[in-house]
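Participant: Got a predicted structure plus its sequence, pasted below:
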Amino acid sequence: MQLGTRWAVGAPAPAALPAAVIAAIGTVEAEVAAFDTSAWRWTLTWLEGRPVVELDDGTTIRYDPVRDAATVSSTD
């Protein structure tokens, strides 16, 4: 696992992320727009060369390069 970076909800995601992951981040941020997310952060790590993005509420986005698709999982 390689550590990546952290950024605030609503801030631009790192440009190195695949388009599918960036789109999934946008979808999640739209879903939590009604909450006070001013202190929430995204955390990016790289697991076996693939990005794993986690929001402070436990929402996780994983990337499948074979399908060029992002999967969102939530803790609820």
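Facilitator: Received it, and whenever you're ready, just let me know what you need.

Participant: drop to CA atoms for contacts and neighbour counts, all remaining ones
Facilitator: Will do.

Participant: The helix or strand hosting Ile22: which residues count as buried?
Facilitator: Element membership of Ile22, judged by DSSP states H and E, is helix 19-31. Residues of helix 19-31 classed as buried by neighbour count (16 or more other C-alpha atoms under 10 Å): 20-22, 24-25, 28-29.

Participant: Which strand residues bridge the residue sitting nearest the centre point of the chain?
Facilitator: With distances taken as C-alpha atoms, centre = their mean, Val53 lies nearest the centre of the chain, 3.6 Å away. For Val53, the beta-bridge partners under DSSP bridges are Leu44, Ile61.

Participant: Quote the end-to-end distance of stretch 65-73.
Facilitator: End-to-end distance for stretch 65-73: 17 Å, by C-alpha to C-alpha, to the nearest Å.

Participant: quick one: contacts for Thr59?
Facilitator: Taking C-alpha atoms under 8 Å, 6 or more residues apart in numbering, we find Thr59 in contact with 72-75.

Participant: again with Arg41
Facilitator: Neighbours of Arg41 in contact, by C-alpha under 8 Å, 6+ apart: 6-9, 55-56.

Participant: Leaving aside the residues adjacent along the chain, what's closest to it?
Facilitator: Ala8 (4.4 Å; C-alpha to C-alpha, 6 or more residues apart in numbering).

Participant: if I look at that neighbour, how far off is Val52?
Facilitator: 16 Å.

Participant: Which of the buried residues of helix 19-31 sits closest to Thr43?
Facilitator: Ile25 (11.5 Å; C-alpha to C-alpha).

Participant: Just the pLDDT for that closest one.
Facilitator: Note on Ile25: pLDDT of 99.
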